[in-house]
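K.L.:
Fold the stuff below for me.
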Amino acid sequence: MCIHYTAVDAHQNDYHIRVVTDAVAGSGKEAQEAALRAMQYLQRDALITTADVESALADDTTPEDETFMREAIRLSKLAVEHGNEPFGAVLVKDGKIVFSNENQIYTRHDPTFHGEAGLIREFCEQTAITDLHEYTLYSSCEPCFMCSGAMVWVKLGRLVYGASNIELENILGNKGCNCSKMVFDNSFWKPQVTEGILRDESLSVLNTYFDKHAKG
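P.N.:
Numbers count the residues shown, from 1 in each chain. Alright, predicted model coming up:
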């Protein structure tokens, strides 16, 4: 995986480095060296730290992440149209969506039928597959404690989410916490996690809904 683009954004004296990685075969060595030179320049002027660079290089985002997250967000909007809360989830294997679900807590009269937990429940029942270590689950918002626990039990390989639980709780007037991390850090199984994909789009849906509705 080679670095092919580096950009710096300065806003109110806060500097952020974004390193976009590309797994396409044949990514040029010159592009990688140019990006590394840019990072060295930024470090020299104290605009970024070594930790910033290491964090950026550890980015595990794939080109398909935004595509699948858009589908999860689309499902979150459908959930509202169907009388439920704005959360959606899709399950992916080998670059293809194999199952999807939207929040159905009101229409099913089941407070536990969240986007993620409902997806796992239905997928496992319909396919008899209960080991998901080769699957990625995309969720429009960070999973709650219950849904995160369900991901541990099915040994989910990777979780990708948009808005964080802290951001959701802030919308609701609460402090919130990084609940999925808390669950995974204290469990026997720890899915790989990528956060913040299409975060703004996800937050827009959440803000629109919870501006007029209380959390169920």
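K.L.:
Using PDB, write out every CA atom in stretch 172-181.
P.N.:
Extracted in PDB, the C-alpha atoms of stretch 172-181 (Å, rounded to 0.1, in the frame of the first residue of the first chain):
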ATOM      1  CA  LEU A 172     -29.500  14.300  22.300                       C
ATOM      2  CA  GLY A 173     -28.000  16.600  25.000                       C
ATOM      3  CA  ASN A 174     -25.900  13.900  26.700                       C
ATOM      4  CA  LYS A 175     -22.200  13.300  27.100                       C
ATOM      5  CA  GLY A 176     -22.000   9.900  25.500                       C
ATOM      6  CA  CYS A 177     -19.000   7.500  25.200                       C
ATOM      7  CA  ASN A 178     -17.100   5.400  22.700                       C
ATOM      8  CA  CYS A 179     -19.200   2.400  23.500                       C
ATOM      9  CA  SER A 180     -18.100   0.100  20.800                       C
ATOM     10  CA  LYS A 181     -14.400   0.500  21.800                       C
END
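K.L.:
Would you map the strands across the protein?
P.N.:
Taking DSSP state E as the criterion, the chain carries its strands at 2-11, 14-22, 88-93, 96-102, 136-141, 158-163, 192-195.
K.L.:
can you map out the helices along this structure?
P.N.:
Assigned by DSSP state H, the chain shows helices spanning 29-44, 50-57, 65-81, 115-127, 145-153, 165-171, 179-185, 199-210.
K.L.:
what pLDDT, on average, does the longest one get?
P.N.:
When you say that, I think you mean helix 65-81. For helix 65-81, mean pLDDT rounds to 98.
K.L.:
List the neighbours of stretch 118-134 that are in contact with it.
P.N.:
Stretch 118-134 is contacted from outside by 89-91, 93, 98-101, 103-104, 112-113, 137, 147, 150-151, 154-157, using Cβ atoms under 8 Å, 6 or more residues apart in numbering. C-beta here means a position set from N, CA and C on the backbone, and glycine is covered the same way.
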